[in-house]
Each structure stands twice: as C-alpha cells, then as structure tokens.
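Peer 1: Prediction below, plus the sequence it came from.
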Amino acid sequence: MKILITGANGYIGSVLGPFLIERGHEVAGIDAGFYNAPILLTECPLRPAVKLADIRRLTIEDFAGFDAVVHLAGLSNDPLGQLNPALTNSINFQGSLHVARLARDAGVHRYVDFSSCSVYGAGGDAPRQETSPTGPLTEYAICKVKTEEAVRQLACESFSPVFMRNSTVFGISPRMRFDLVLNNLAGLAFTRREIALLSDGTPWRPLIHIQDLCRATALFL
C-alpha cells in the first residue's frame, strides 16, 4: 500500500514509518517539525521522506495517490493541551477533521486515526471497551472524542475510518518521550538508581509497547 503518516517525526511516527517500510509498504510523512532533533538513536536508513507542514494548511494534493492515511499529528499530552485549549482545539480537532476530509475527497480508502483511552476519563474499576460511555476530562481527550464523532460521519463505501483508542505507549524511539509513565520510571531507574512515584501508587492505566502498537496499526491497514 501507499501510506501517508501525519506526525511522522514524532515519538510513535518515527518508529511506525520504518516499521511499515520494512513490511513492503510505500510510506511518506507529514510533520510540523517540532521534534526533528535531537535524534536519540542512530538514524534509520528506512525513514520515509517527510514534508514539513502544518496539518491545518494541507491541501487535497497532499493526499493524492495514497491508499491509506495514519493520522498521528497533534499536540500530545494533557498539560500541553490545557496550556492553550483554543490552540489545542484548532490543531487536534479542527486540524484532524481537515485531514480526514481531504483524505476522503482525495480517494483514500483506509483511514487510521490515533485516538486515546483517555476518552473514558476516570474509568473506575470496571474494564472499558468500545461500547463503554466516554467521559473526557481534559482538552486533549475532549478533542479525541469530537474527532471520532466528526470523522465517523465521513465514513462511506469508499472511505473507511478506524479509531484506535490506544493505551499509554512505552518503549524506545529515535525521538524519545520521557514524560510517558513507564519511560519515565525506567529512565529514573537507570539514571538515579531509584523509581520515584508521583502519586500514591494506586492509579492504574493500560500500557502498550510501541512495537505492538505498530503491529496493530499494520493489521488495521
């Protein structure tokens, strides 16, 4: 398949691109360029070509000829989202809807949108699944719910969107994130020889390794 990844230079995108190329796909990327440097690991020779652009400024020509789009781009994490809620909404919701509309109009058949398990809010003790009610608590999570609802309305016989409500990701990436809980704990253990909890230890959240997330994405594609 010919696949376009938005947010291709981010924590997940910089692993997903080479992963899909290794499996025989033709991959290109779009990224705002916030995390172009530094590179934690040796640059991968299979990294796709990436166009630097704001997703809100893309045109239908950017999607021409692609079979599938994996949409990762956006302002990631709750503190950043709360810093400027209006900007978060502009990029994470309006920008995401803009990308989906362009992809559909350009003839892209499969659309994989990276949502988040944060759409469930404070989940309580019972496991959550696709039919469970959502209860987003932050601007980041609210934008994810709004994007799912809006993009779902675009679905038709020729445009098939899939929403992945991903767990908290962990694992090595060329563009590393140490704010993610398991990466943070591992980093503290390695550098300080201690693991420091920032809570009372009772919160629970699902986790997924970045390579398993890439495998799941490939299956959806």
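Peer 2: Cool, got the structure. Numbering: from 1, shown residues only.
Peer 1: Excluding chain neighbours, what is closest to Ala189?
Peer 2: Ile195 (5.2 Å; CB to CB, 6 or more residues apart in numbering). For the C-beta atoms, the positions are set from N, CA and C on the backbone; glycine is no exception.
Peer 1: From the structure, what's the count of residues near that neighbour?
Peer 2: 11 (other CB atoms under 10 Å).
Peer 1: Check Ala106 too.
Peer 2: Ala106 has 18 nearby residues by other CB under 10 Å.
Peer 1: so where do the helices sit in this structure?
Peer 2: 13-22, 78-83, 85-88, 96-105, 139-152, 181-192, 210-220 (DSSP state H).
Peer 1: What are the contacting residues of the shortest one?
Peer 2: With contacts defined as CB atoms under 8 Å, 6 or more residues apart in numbering, helix 85-88 is touched by Leu75, Leu80, Gly81, Gln82, Glu139, Tyr140, Cys143.
Peer 1: Quick check: chain neighbours aside, which residue is closest to the third one?
Peer 2: In space, not counting the residues next to it along the chain, Gly81 is nearest to Tyr140; the distance is 3.6 Å by CB to CB, 6+ apart.
Peer 1: residues contacting the one you found?
Peer 2: Leu75, Ser76, Asn77, Asp78, Leu80, Gly81, Gln82, Thr88, Asn92, Ser116, Ser118 are the contacts of Tyr140 under CB under 8 Å, 6+ apart.
Peer 1: and those, which are buried?
Peer 2: Leu75, Ser76, Gly81, Thr88, Asn92, Ser116, Ser118 (16 or more other CB atoms under 10 Å).
Peer 1: how far away is the residue of the chain most remote from its centre from Gly201?
Peer 2: In terms of distance from the mean C-alpha position of the chain, Arg193 ranks first, at 31.0 Å (CA atoms, centre = their mean). If you measure Arg193 against Gly201 using CB to CB, to the nearest Å, the figure is 19 Å.
Peer 1: Centroid-nearest residue for this structure?
Peer 2: Leu72 (3.4 Å).
Peer 1: So it is in contact with Asn9, correct?
Peer 2: No. In this structure Leu72 lies outside contact range of Asn9 using CB atoms under 8 Å: 9.7 Å.
Peer 1: Need the per-residue pLDDT for Gly121.
Peer 2: For Gly121, the pLDDT comes out at 85.
Peer 1: could we number from 31 for the rest of this?
Peer 2: Will do, 31 is the new start, and the previous item becomes Gly151.
Peer 1: Need phi/psi at it.
Peer 2: phi 70, psi -140 (degrees, to the nearest 10).
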